[in-house]
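Turn this into a structure:
(2 chains)
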Amino acid sequence: MDEIFGIPMSALVGQLVIGLINGSFYALMSLGLAIIFGLLHVVNFAHGAQYMLGAFVAWGLLEYFGISYWWALLITPVVVGGVGLLIERLMLRRLYRVDHVYALLLTFGLAMLMEGAFRWKFGATGQPYPNPIAGGFDVGVSYIPAYRVWVIAASLVLCLGTWLVIERTKLGAYLRAANENAALVRTFGINVPRMLMLTYGLGVALAGFSGAMAAPIYQVNPLMGNSLIVVVFAVVVIGGMGSIIGAIITGFGLGVVEGLTKLVYPDAAGVVIFIVMIITLAIRPNGLFGQEAR
Amino acid sequence: MTEAMPKPLCLSVKGLVGHYGENLALNGIDLEVRAGEVVCLLGRNGAGKTTTLRAVVGLLEKRRGSIEIHGQQTIAMLPEAIARLGVAYCPEERGIFASLSTEENLLLPPVLRPGGLSEQQMLAIARILRTGAKFLLLDECTEGLAPVIVAKIGQTIRLLKERGFTVLMVEQNFRFASKVADRFYVIDEGVVVDEFRREDIASDLARIEGLLGL
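As a prediction, the model looks like this:
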């Protein structure tokens, strides 16, 4: 059996893997956006730039300090998350009282600033990053590089771990409660402003981690987040704004849908996610996993 | 038997002014609650009762004047800091968190999963008792409940008083409040316009009912 509906098995497996790889990034990125939006009600337009920053931090650690991929994977989220904490503490925090569109504009401006600065410093051409895991697996019909398997596994573990923290721990209960009624949670003696800051830092750290993990696959370049973020926003809209599990499932699912579309009708691969978004919005305006707006 | 020394002040509010958006909601509130007392705020809708409670727990951001809780000035403190002084607040809307399980709600410190109205109210009170706070602010805790549950809440408040809790409550239901509260403040247009004790109600009923527009 080497064909299904006239599609070679090897191509099918290949596109499935590519779909899952892209889906891994969609899921991690939209998870970060969903956490931030769920609690802060901020649409973080800087998410793509923060992803790019993560890739550059990982690249810079190797280029200037000789720090290997695995250490970079630990250091990068801390650095990028730290930048996120500063952004929240110094800028974003002042905008919670005014219309949400101001926070959106702020993060949009920050994204343009960061991307512009990196383009000015490093140019628009990509910087290569060596593959940290050589080799791969021969699955008969296809050959799957080991690094790609690692990316899918890491993304799954991180997504499910984050979901567990939010759904199953005390900290997560505070987050969900604050999401519903932040003022009341404060009257229980819980420092909600600090929680908001840490949440933004966590969401941004996820973007930084994604960026570091993307460095060996995609080229490290200043606009790498720009193209990704548009798709990720579509994923978030389809999954339902603020829905954690929705972001994860839709992220992986749409990665696969996109990959398979390349086989069936390659011309549509670039727009299939947006077509799904339009259909979703027409049928379920709150997204597949979203709840009625309160 | 001589009267005992007055109990220490649990809450002392002086010249409290507060805004809701651009509107002046509190116009110089003065009131006191002593340890172990059950004090009730009465008045028409929009008089400033709930706003007073929200100012005490720190949720009303635009507030001036003086609020002392156990002698500590809290006018500029954040809600989370005020809560740690041992103040627990049960809001009018009860604030049951739908996205949390029963256990999470109870253990939060706060809330429980939505059940029946009366269940919710008992839960809302139970969760703030769990925190160990000794000073309770209850906003319209009988609103929309069946008489039998209202009676139950009345018993609970009396029991809490016996156990040394201090309660400041807002109540529309004067009949209910007159059975549980020791002292009453009548608020109108953001100021305290009258103050009386439970013992005074019988002799002064006509005037009080006039004040409350009953």
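
C-terminal to the helix or strand of chain B with the lowest mean pLDDT, what's the next element?
Least confident element among the helices and strands of chain B, by mean pLDDT, DSSP states H and E: helix B:117-130 (a mean of 64). Beyond helix B:117-130 on the C-terminal side, the first helix or strand identified by DSSP states H and E is strand B:135-139.

Is any residue of that next one near chain A?
No. Strand B:135-139 lies out of reach of chain A by CB under 8 Å from any CB of the partner chain, never closer than 8.8 Å. C-beta here means a position set from N, CA and C on the backbone, and glycine is covered the same way.

Show me what counts as buried in the helix or strand that comes right after that strand.
Using DSSP H and E, the helix or strand that follows strand B:135-139 in sequence is helix B:147-162. Neighbour-count burial for helix B:147-162, with 16 or more other CB atoms under 10 Å in any protein chain shown as criterion, is recorded at B:149-150, B:152-154, B:156-157, B:160-161.

What count of nearby residues applies to residue 104?
No chain specified, so I'll use chain A. Taking other CB atoms under 10 Å in any protein chain shown as the neighbour definition, A:Leu104 ends up with a count of 15.

The chain in question should be chain B.
23.

now B:Glu68
16.

Need phi/psi at it.
phi -110, psi 130 (degrees, to the nearest 10).

roughly how far apart are it and chain A?
Distance of B:Glu68 to chain A, given as CB to the nearest CB, to the nearest Å: 18 Å.

The closest residue to that residue other than its chain neighbours: what's it in contact with?
Among residues not flanking B:Glu68 along the chain, B:Ser12 sits closest, at 4.4 Å (CB to CB, 6 or more residues apart in numbering or on different chains). Applying CB atoms under 8 Å, 6 or more residues apart in numbering or on different chains, we find B:Ser12 in contact with B:32-33, B:66-68.

Output those residues as a markdown table; include the columns secondary structure and pLDDT.
Output for the contacts of B:Ser12, formatted as a markdown table (DSSP: H, G, I helix; E, B strand; the rest coil; pLDDT from 0 to 100):
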| residue | secondary structure | pLDDT |
| --- | --- | --- |
| B:Glu32 | strand | 90 |
| B:Val33 | strand | 92 |
| B:Ser66 | strand | 92 |
| B:Ile67 | strand | 93 |
| B:Glu68 | strand | 92 |
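
returning to what we had before: roughly how far is the helix or strand hosting the residue nearest to B:Glu68 from the heart of the chain?
Taking DSSP H and E as the definition, one finds B:Ser12 inside strand B:9-20. Chain-centre distance of strand B:9-20: 13 Å, with CA atoms, centre = their mean, to the nearest Å.

mind listing what's buried in that strand?
B:9-13, B:16-18.

who touches residue 77 in this structure?
Assuming you mean chain A. Per CB under 8 Å, 6+ apart, neighbours of A:Pro77: A:54, A:205-206, A:208-209, A:212.

ah, I was thinking of chain B
B:Gly58.

Output the below-cut-off pLDDT ranges for chain B.
B:1-4, B:94-95, B:101-103, B:105-130, B:214 (pLDDT under 70).

Nearest residue to the middle of it?
When CA atoms, centre = their mean is applied to chain B, the residue found nearest the centroid is B:Met169 (2.7 Å).

what's the closest non-adjacent residue to that residue?
Among residues not flanking B:Met169 along the chain, B:Leu138 sits closest, at 4.3 Å (CB to CB, 6+ apart).

now swap in A:Ala268 and tell me
A:Thr261 (5.4 Å).

what does B:Gln72 give?
Closest to B:Gln72 by CB to CB, 6+ apart is B:Leu85, at 6.3 Å.

residues in contact with residue 185?
Just going to use chain A. A:174, A:177-178, A:192, B:110.

could you do chain B instead?
B:31, B:39-42, B:192, B:194-195.

I'd like to know which of those residues is nearest to chain A.
Nearest to chain A, judged by CB to the nearest CB, of these is B:Leu41 at 17.6 Å.

Just the element for the closest one, please.
Per DSSP H and E: strand B:38-42 holds B:Leu41.

List the contacts of the helix or strand just after that strand.
Going down the chain from strand B:38-42, the next helix or strand is helix B:49-56, by DSSP H and E. Helix B:49-56 is contacted from outside by B:11, B:13, B:16, B:18, B:20, B:25-26, B:29, B:31, B:41-43, B:60, B:63, B:67, B:69, B:74, B:82, B:87, B:89, B:92, B:137, B:139-140, B:168, B:170, B:187, B:190, using CB under 8 Å, 6+ apart.

out of those residues, which are buried?
Of these, these count as buried by 16+ other CB under 10 Å: B:11, B:13, B:16, B:18, B:25-26, B:29, B:31, B:41-43, B:60, B:63, B:67, B:69, B:74, B:82, B:87, B:89, B:137, B:139-140, B:168, B:170, B:187, B:190.

For chain A, which segments count as strands?
Here chain A has its strands, by DSSP state E, at A:3-4, A:7-8, A:136-138, A:143-145.

Out of those, indicate the one that is most buried.
strand A:143-145 (a mean of 16; mean count of other CB atoms under 10 Å in any protein chain shown).

Show me how far that strand is from its chain's centre.
That offset, for strand A:143-145, works out to 24 Å (CA atoms, centre = their mean).

Paired strands for it, with orientation please.
strand A:136-138 (antiparallel) (DSSP bridges).

Would you mind measuring from A:Ala178 to B:Glu80?
Using CB to CB, to the nearest Å, A:Ala178 is found at 11 Å from B:Glu80.

any shared contact partners between the two?
Joint contacts of A:Ala178 and B:Glu80 (CB under 8 Å, 6+ apart) are A:190, A:192.

Neighbour count for the two, which is higher?
Each of A:Ala178 and B:Glu80 has its neighbours counted (other CB under 10 Å); A:Ala178 has more, 23 against 19.

Now the phi/psi pair for B:Tyr185, please.
phi -120, psi 140.

And A:Asp99, by the same measure?
phi -50, psi 140.

Tell me how many other residues crowd it.
9.

Then B:Val180?
21.

Isn't it up against B:Leu138?
No. Checked against CB atoms under 8 Å, the pair B:Val180 and B:Leu138 is beyond contact range at 10.1 Å.

any shared contact partners between those two?
With CB under 8 Å, 6+ apart as the test, B:Val180 and B:Leu138 both reach B:157, B:169.

Chain B contacts on the stretch 51-200 of chain A?
Residues of the stretch 51-200 of chain A lying close to chain B (CB under 8 Å from any CB) are A:170, A:173-174, A:176-177, A:179-181, A:183-193.

filter these to the buried ones?
The buried subset of those - by 16+ other CB under 10 Å - is A:173-174, A:176-177, A:179-181, A:183-192.

Make CSV out of the strands of chain A and add mean pLDDT.
Output for the strands of chain A, formatted as CSV (pLDDT from 0 to 100):
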stretch, mean pLDDT
strand A:3-4, 70
strand A:7-8, 76
strand A:136-138, 80
strand A:143-145, 83
